[in-house]
Structures are given as structure tokens and as C-alpha cells.
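J.: attaching a predicted model along with its sequence, questions to come.
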Amino acid sequence: MGLFVNSFEIELPAIEADLYSIDPQPSGDKYSVLNSHTEDLEDTVGGKGRWYRRGDEYFIAIVGSDRREYDTFHSAGAELSFEETAELDPTTEAGFGVIERALTKGLQWYLETYHGYWYDSVRNAFYEEEVLDTVEGYDLHSGIDVRFGYHGRPVFTLDSTIGLMGKQTLAEYLSEWGLERTQAEFIGEGFMQDGPERRSCTLDGIYSDITVEDPSPDPWDDSVLQFIKEEYCQQWAERVDPTEPLAKIRYNRRDKWYPAAPSLLYPSPGDDRPDSISERAAKAPVDRWDDVGTFLDIIGHIQMGNVEAPVTQSPIQAGIGTFDYPVLTFGQDPRTEMELHQPNISLNHSPDLKPQYWNPAKEGYLEEVGPRVSFDDEIQVAVFYADGDESEALDVYDDIREYAERFTGINLSERVGRINFDDERLLDEFEDKTRQNIDAGFAYLPEYDEETYHRLIDILDGRPLQSLTATKLRSKRRSGNEADVLTNTAIGLGVKLGVVPFTIEDQLSADAYLGMSVTGYETKTASVVLISGKNGRIVYQSQDPRPSNRSTVTNEGIMQEFLKDAVRAANDSPHIPGDTLDSLVAHRNGFFGKKEIKGLYEGIERLQEYSYVTDSFNWVGVDVMGNTPHRIFDDSRNDLMPDMGAYAALDDETVTVVTTDAPRLGQGSPKPLYCEVTASGGPFDIRDIGRDIFYLSELNWAAPSKGIKNPLTVYLTRRMNRRLSHDRVSKLAYPPF
């Protein structure tokens with residue numbers, strides 16, 4: 001069979017839905033209102049439904065209705081009137097949205113009724129009710145991550161997963177620890193909300209002066225206990241102590257918060273789960289595929305009310321292949337190319353550079369040939385350390401100097417400044433006198449400390465800071481890998497100062513690549529970076545925070561400003577071919593928001609109007625997502641492991657690509673990036689989109705012996721936001737590798 005994906009075609013018949021008009025049309029929190037209308041109609045007429053938008057008007061669409069007795073109903077203060085029965089177009093967002101929900105609800109009913117699964121609608125996953133194991137205080141449940149999509153035909157994507165529920169409720173932690181410690185431990189962490197339908201959520205707060213039987217604060221009116229009695233039934237209400245404090249939760253980290261009872265909240269970490277659980281969840285491709293097959297065996301079709309949709313049992317194989325590795329260029333004069341299956345000068349000039357030696361060879365080429373760009377000036381560095389660590393910090397800095405010269409060719413100075421960052425007087429003296437004479441800082445921290453690290457970034461006032469923790473260095477020493485961490489620390493400092501270890505030259509399909517991310521911690525901020533399509537060099541990066549509060553989407557004005565600044569920098573750069581930008585690919589970490597897409601269209605139109613880009617300017621906007629259930633398998637290998645560079649063009653606008661170093665993985669399965677074109681101004685080839693993303697993921701300049709999953713466009717902007725979202729950092733003028 002060769003390469004295949006974990007997606008299966010659904011033999012979808014023509015789907016008709018009954019459309020109900022809504023009077024008055026919803027306003028305010030309209031989706032909550034629309035969902036309430038949908039549930040009321042499903043209870044009344046049967047079938048499976050969802051809101052449906054036609055122009056500016058919303059309807060409720062019901063698929064498979066089997067008991068409509070009247071044409072007019074009332075729901076949440078609105079009149080719902082049957083208008084017509086219409087065939088749904090699965091190629092449209094509105095049409096497939098209704099079909100997708102009908103498929104999901106139909107599958108949920110079947111699995112819960114006949115096979116003992118429960119469904120988490122936030123994570124789109126079905127879990128077995130039986131506890132698989134208990135690890136570090138969490139019950140583990142085997143599960144399957146499920147996605148329905150339309151890629152030229154309806155498809156059903158399945159991936160093995162693990163669900164977690166803590167053994168204790170939030171209420172029990174409150175009783176054991178008290179309010180203050182519980183807040184410190186759990187606010188911002190993941191939970192599972194128990195109830196008739198379990199849902200993942202994030203704990204946003206715990207009130208000290210409001211209980212679950214008190215009326216909830218605006219915009220809510222009733223008490224959460226009253227809601228549980230009316231909507232969940234008595235068995236759930238009996239588990240809640242009326243005197244327990246009210247909790248605030250959010251689903252999918254959305255802006256809107258919801259009231260909740262601590263007795264129904266169980267800790268359920270997501271990305272920050274304990275290592276032992278992550279190791280348990282990691283599965284080799286063979287085991288992962290076996291789980292998918294076992295799940296698929298119980299599903300021959302999906303029932304949507306009175307409509308049946310068969311599921312094909314063979315996985316999709318069309319549009320799948322493997323990209324060639326890029327050619328990397330090292331050295332200044334003469335330059336040297338590193339290419340797969342060519343002589344490997346980093347390993348005794350072996351005649352064949354094999355995939356398993358690809359990433360380690362980058363470090364060898366740096367040592368043998370040198371970086372693509374370096375400089376001779378001596379770099380003045382200040383060394384920061386904690387009380388009692390001066391001698392150790394200076395010894396480590398001496399090692400960093402040696403590795404920096406060996407791998408980057410730069411000359412770091414002797415000890416210009418020695419600053420104990422626990423001594424406020426010395427920090428003040430550094431800011432007043434020494435700072436103006438230094439180019440960068442090196443911080444030796446006892447352990448990673450977010451506050452200290454960002455404080456030093458602020459004190460350096462835009463100059464690069466590179467850090468290393470004593471705990472990490474000692475751990476690497478014990479495992480015999482001390483040289484790795486010293487090498488990466490030295491190269492990372494060099495890159496922040498302007499060293500370019502290697503490039504990808506004349507192999508990308510566009511003139512430039514714009515990366516954008518809106519992420520952060522307490523607040524979110526927006527950042528962009530522009531990468532040359534000619535050689536992968538950084539042409540522009542935004543330097544100031546652009547807060548978006550909690551939202552992971554910015555507005556059209558900021559999008560236009562980012563675009564204008566980046567294009568101006570491109571036209572002034574020697575690393576962009578021609579005098580005026582002719583093509584651009586924009587990579588969005590996650591999803592482009594509607595306002596951002598509007599900003600792209602309007603911004604490019606304005607740039608063309610003022611001749612900042614050519615009249616024939618071609619551009620594409622691509623969503624880049626790393627946490628979807630899509631996987632690629634290769635059954636020409638016993639372990640089913642795909643090679644790095646494997647891709648699946650799911651349709652003309654969507655591609656998944658394996659960017660991690662799959663041959664070197666000891667366990668687990670590579671998770672491809674899922675890339676979808678959401679806006680464009682000209683033709684594009686989805687395979688070019690995928691190949692460019694793969695190539696840009698090779699530019700992990702700060703740790704050459706390790707690959708990165710995301711393309712440089714996304715990798716950098718995520719890391720920029722990690723710094724710029726901190727309240728101590730007002731400017732970031734270097735790439736934060």
C-alpha cells in the first residue's frame with residue numbers, strides 16, 4: 001500500500017435539511033442562543049441540527065427530522081418557523097458545518113449507547129468509560145480523536161489519544177489546601193467538567209465571596225447550582241455542596257467565561273501533562289494504527305436521524321509522497337553545500353550522507369566549514385549570575401567563548417562585566433555605566449526563572465541575552481551530553497548577534513515568507529517576521545508588543561501595518577530578488593482571523609496602489625497548525641514510520657507534512673503540520689506550499705543537531721510573543737532562538 005493517511009472517505013448521500021427561520025435574529029452572544037435553539041428543535045422534531053447562515057440571516061438546519069407535527073415553535077424568546085427543505089452543499093462552509101455536526105452527534109449517540117464511550121466536545125475526542133490505568137493521581141482513558149472534514153469529498157480522520165481525569169475534584173483540593181494555594185496551583189490549568197456530557201476547560205478563577213447557590217455575576221443570572229438541577233438532573237446536583245465557592249471556567253480559552261461548580265471539575269492537564277503520562281500516551285505508528293483499526297471495526301456507517309452515511313474501511317492514499325531534503329549552504333568563501341546522499345564532510349568524508357545523520361551533520365559542517373555569515377569584531381559580553389555562583393558562571397562563560405569561536409567564528413570578549421543579579425546596587429550601576437559598552441549578556445541561572453530572565457532582557461535594553469541554567473547543565477553532564485548544551489548555547493548567542501549558520505538558497509517558491517502569531521501568557525500579543533525566499537535570511541521582525549488581551553486574533557489595522565513594514569523592509573533588502581516584491585506567502589500560527597484576512601486583502605491592495613509590490617503580485621495566506629489528528633503512515637516499513645518530508649495533499653488547498661526527524665525517534669509517532677490556504681491573490685500549488693514549510697523548518701540555527709517542527713516563520717513569532725507578552729519586555733530587537 002505504501003504511504004497512506006489516517007483518513008477515510010464517507011459515502012455521503014445527498015443531504016437535505018429542514019430550515020427554520022428565527023424571529024428575532026440572535027444578537028449579543030448569538031452562538032449560545034443559536035445552540036440553544038438547535039437543542040430545542042432537536043428535542044421537538046428529532047434529527048441532528050446546527051445553525052446555518054445564508055447571507056446575513058441565520059437559520060436552524062435539521063437533518064433527519066422524523067416527527068415534525070407543527071411548523072412553528074418557540075425557543076428562548078424567539079419564534080422558529082419552518083421555511084423549506086433544502087439540499088445542503090458540502091463544498092460550502094455553511095453546508096458542511098451542518099453535515100459535520102449531524103455526523104458528530106450521530107456518532108456520539110451510537111458510541112455512547114452501544115459501546116460505552118463518552119465524548120469531549122471541546123477536544124473532539126471519544127473516550128472509553130473504563131479506566132485504562134491510574135498514573136500520578138490521574139485516571140487514564142483510551143480514546144480516539146475524531147475530525148470530519150471536506151477535502152474534495154467528506155472524510156473521517158481518526159487518531160489514538162489518551163484522556164485524563166484527576167482522582168480528586170477541585171472542591172476536594174479547596175477543602176484540603178484552602179483557597180489561596182488552590183488558586184496558585186490551578187488557575188490557568190486544564191480541567192474536565194463532569195456532567196451528562198464531559199467537556200475540557202481551563203480554570204479561570206475561584207470566587208472568595210460567591211457560592212454556587214448565589215446568583216452568578218454578569219452576564220449570568222441564575223445560580224450554577226440551580227442550572228445543574230434543571231439541566232443536569234438531581235444526581236449531579238447531589239454531588240455539589242451549596243456552600244462551595246463559585247469557579248470560573250473557559251472552553252478552548254475563549255473570551256467568554258462560564259460559572260461552574262468545583263465538585264464537578266477534575267484536573268485534566270493538556271500540553272503540560274506529567275512526563276510519565278506523556279510517555280504512556282506516546283505510541284509507535286504500528287500501535288497507533290492498530291487503535292484506529294479497532295475503532296473503525298465498530299463503525300460501518302454513521303446515522304444522522306433517518307439518514308445513513310457509510311464509512312469506507314480503506315484509508316486514503318491519493319496525493320501522498322515524500323519531498324526531497326533541501327540543500328544547505330555553509331561557509332563564506334568558498335561556500336560548501338550539504339546534500340542528502342552526497343559526500344558527508346562531517347563524517348570522514350563518507351560517500352553517502354544518510355537521513356539518520358542529516359541533523360548531526362549540520363553541526364559537523366559548521367565546525368569543518370564555518371557558518372554562512374559571521375564577523376570578526378570582538379563582542380563585548382556582560383555575565384550575570386546569582387549569589388554564590390560567580391566562579392561557576394565565569395567558568396561556563398569561558399566554555400561558551402570556546403564553543404562560539406569553534407562553531408560560529410565569532411570572538412566573545414574576556415569578562416567585561418560581572419553582575420550579581422541578586423544585588424540591586426550592581427544592577428543599577430550596570431544600567432548607568434557599563435551597559436553602553438557591551439553588545440550582549442550571558443545569564444547563568446540556578447534554574448529557569450521567568451521573572452529574572454525577563455528582568456535581564458529589560459535591563460539589557462534590546463541587546464541580546466543568552467541564558468543557561470545550572471540544573472540543565474548538570475543534568476547534561478550526568479548523561480554525558482554537556483557538549484551539546486554548550487554548543488547550542490554558543491550558537492544561539494551567535495545567531496542573536498547576527499551569525500547565519502547555514503542557508504537554503506534558490507530553492508523556495510516565493511520571494512518572501514511572512515510569519516505571524518498572536519500568542520502569549522497572561523496577555524496575548526501579535527508579532528511578525530519576514531524571511532527571504534532567496535536564502536532564508538531574516539529580513540524583518542516586529543520589535544514591539546502589540547497586545548490583543550485574551551484574543552488570539554488581532555485586527556485588520558495591525559495586520560495592514562505589519563504588512564506595510566515588512567514589505568518596505570523587503571524592498572530595501574539585498575536578500576530579496578528584484579527591486580519590488582513580486583510574491584509572498586504568509587504563514588499564520590493557527591488560524592487567520594476574519595479581520596486579519598480582511599487586513600491582508602486591503603493592505604495588499606494599498607501596497608499595489610503605491611507600487612510597493614508589483615502589479616502582478618501573487619500572494620497566499622496559509623494556516624499552519626501542529627495539533628490536529630492527521631498522521632501519515634508508510635507500510636513499506638515494518639514500523640509504519642514515515643520519513644521526514646512525507647506529505648499528503650488532502651485537496652488543492654490543504655497539505656499535511658512531516659517536518660520532524662522521524663528516523664531518529666525512539667518512540668511515538670511524528671505529528672505532521674496541517675497547512676491550509678485560507679486566502680490568496682493568485683495561483684498556487686499546494687505541494688509548493690508544503691515543501692516550503694518543510695524546508696523552512698530546517699532552519700533551526702540555534703540547535704543545528706536538532707530539528708524543529710514549525711517553519712522558521714512560525715517558530716520565531718511564537719518565541720517572540722513568549723518574550724513580548726511579558727510586562728517587563730518593551731522591545732525585542734533580535735531573533736529569540
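T.: Perfect, I can see it now. For clarity, every value in this text was computed on a predicted model and none was experimentally measured.
J.: helices along the stretch 501-650 of the chain, start to end?
T.: Shown for the stretch 501-650 of the chain, the helices assigned by DSSP state H, counting those that start in this stretch span residues 556-571, 594-609.
J.: include mean pLDDT, mean neighbour count and distance to Thr489 when you put the ones you listed into TSV, please.
T.: For glycine as for every other residue, the C-beta is placed from the backbone atoms N, C-alpha and C. Formatted as TSV, these follow (pLDDT from 0 to 100; neighbours: other Cβ atoms under 10 Å; distance: least, Cβ to Cβ, whole Å):
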stretch	mean pLDDT	mean neighbour count	distance to Thr489
helix 556-571	96	20	29
helix 594-609	96	18	36
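J.: tell me which of those lies nearest to Gly137.
T.: Nearest to Gly137, of all those, is helix 594-609, at 40.8 Å by Cβ to Cβ.
J.: gap between the closest one and the chain center?
T.: 25 Å (Cα atoms, centre = their mean, to the nearest Å).
J.: now swap in stretch 182-194 and tell me
T.: 21 Å.
J.: now the helices of the stretch 501-650 of the chain as TSV including distance to Lys229?
T.: TSV is the format used below for the helices of the stretch 501-650 of the chain (distance: least, Cβ to Cβ, whole Å):
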stretch	distance to Lys229
helix 556-571	45
helix 594-609	39
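J.: and those: which comes nearest Ile22?
T.: Here helix 594-609 is closest among these (Cβ to Cβ), at 22.0 Å.
J.: which residues are contacting the closest one?
T.: Residues outside helix 594-609 that contact it (Cβ atoms under 8 Å, 6 or more residues apart in numbering) are 516, 553-560, 563-564, 567, 586, 588, 592, 613-615, 617, 619, 621, 678-679, 681.
J.: what about the strands in the stretch 601-737 of the chain?
T.: Assigned by DSSP state E, counting those that start in this stretch, the strands in the stretch 601-737 of the chain fall at 613-625, 632-634, 646-651, 654-657, 673-681.
J.: show me the shaky parts of this protein.
T.: 253-255, 348-349, 522, 661-667 (pLDDT under 70).
J.: kindly list the longest helix within it.
T.: If you go by DSSP state H, the chain has its longest helix at helix 93-114.
J.: what's the first helix or strand after that helix?
T.: strand 117-120 (DSSP states H and E).
J.: tell me which residues touch the residue nearest to Phe430 when sequence neighbours are not counted, please.
T.: Leaving aside its sequence neighbours, Phe430 sits nearest to Ile419 (Cβ to Cβ, 6 or more residues apart in numbering; 5.1 Å). Contacts for Ile419 (Cβ under 8 Å, 6+ apart) come out as Ala382, Val383, Phe384, Tyr385, Leu426, Leu427, Phe430, Thr434.
J.: which one of these is nearest to Asn344?
T.: Using Cβ to Cβ, the contacts of Ile419 come closest to Asn344 at Val383, 36.8 Å.
J.: part of a helix, is the closest one?
T.: No: assigned with DSSP: H, G, I helix; E, B strand; the rest coil, Val383 falls outside any helix and is strand.
J.: let me see the backbone angles for Ser413.
T.: When read as degrees, to the nearest 10, the backbone of Ser413 gives phi -70, psi 160.
J.: coming back round to it: format the strands of the stretch 601-737 of the chain as JSON lines; extra columns: distance to His341 and mean neighbour count.
T.: Formatted as JSON lines, the strands of the stretch 601-737 of the chain follow (distance: least, Cβ to Cβ, whole Å; neighbours: other Cβ atoms under 10 Å):
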{"stretch": "strand 613-625", "distance to His341": "29", "mean neighbour count": "20"}
{"stretch": "strand 632-634", "distance to His341": "19", "mean neighbour count": "24"}
{"stretch": "strand 646-651", "distance to His341": "17", "mean neighbour count": "24"}
{"stretch": "strand 654-657", "distance to His341": "21", "mean neighbour count": "26"}
{"stretch": "strand 673-681", "distance to His341": "25", "mean neighbour count": "21"}
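J.: can you pull the contacts of Gly64?
T.: Gly64 neighbours (Cβ under 8 Å, 6+ apart): Gly46, Gly47, Lys48, Ala102, Met304, Gly305, Asn306, Val307.
J.: let me know the closest of these to Gly520.
T.: Proximity of the contacts of Gly64 to Gly520, judged by Cβ to Cβ, is greatest for Ala102, which lies at 36.6 Å.
J.: near that closest one, how many other residues are there?
T.: The burial count assigned to Ala102 is 28, neighbours taken as other Cβ atoms under 10 Å.
J.: next, work out how far apart it and Asp40 are.
T.: 17 Å (Cβ to Cβ, to the nearest Å).
J.: likewise Ser75?
T.: For Ser75, the distance to Asp40 - Cβ to Cβ - is 4 Å.
J.: partner strands of the one helix or strand Ile419 maps to and their direction?
T.: If you go by DSSP H and E, Ile419 is part of strand 417-420. Paired with strand 417-420 in the same sheet, following DSSP bridges, are strand 381-385 (parallel).
J.: what angle do the helix or strand following the strand it pairs with and strand 381-385 make?
T.: Toward the C-terminus, strand 381-385 is succeeded by helix 390-408 as the next helix or strand (DSSP H and E). Per axes from the mean of the first three to the mean of the last three Cα atoms, to 10 degrees, the angle that helix 390-408 makes with strand 381-385 is 140 degrees.
J.: any idea how far helix 390-408 is from the chain center?
T.: 34 Å.
J.: to Ile457, which of the strands of the stretch 601-737 of the chain lies closest?
T.: Of all these, strand 613-625 comes closest under Cβ to Cβ, at 26.7 Å.
J.: contact partners of the closest one?
T.: Contacts for strand 613-625 (Cβ under 8 Å, 6+ apart): 510, 567, 580-592, 597, 600, 604, 607-608, 673-684, 689, 693, 710-711, 713-714.
J.: helix/strand/coil for Asp272?
T.: Asp272 ends up coil, using three-state DSSP.
J.: ok, back up a step: most surrounded residue in the contacts of Gly64?
T.: Counting by other Cβ under 10 Å, top hit in the contacts of Gly64: Ala102 with 28 neighbours.
J.: OK, contacts around Lys256?
T.: Asp29, Arg250 are the contacts of Lys256 under Cβ under 8 Å, 6+ apart.
J.: could you measure from it over to Val677?
T.: 30 Å.
J.: likewise Gly116?
T.: 40 Å.
J.: next one: Pro310
T.: 30 Å.
J.: what does Ile689 give?
T.: 7 Å.
J.: cool, His575 as well?
T.: 25 Å.
J.: now swap in Ile320 and tell me
T.: Taking Cβ to Cβ, one finds Ile320 at 18 Å from Val677.
J.: next one: Gln226
T.: 47 Å.
J.: ok, Ala569 next?
T.: In terms of Cβ to Cβ, Ala569 sits 24 Å off from Val677.
J.: same deal with Tyr258?
T.: On the measure of Cβ to Cβ, Tyr258 and Val677 end up 34 Å apart.
J.: and Thr469, by the same measure?
T.: Counting by Cβ to Cβ - Thr469 and Val677 are separated by 41 Å.
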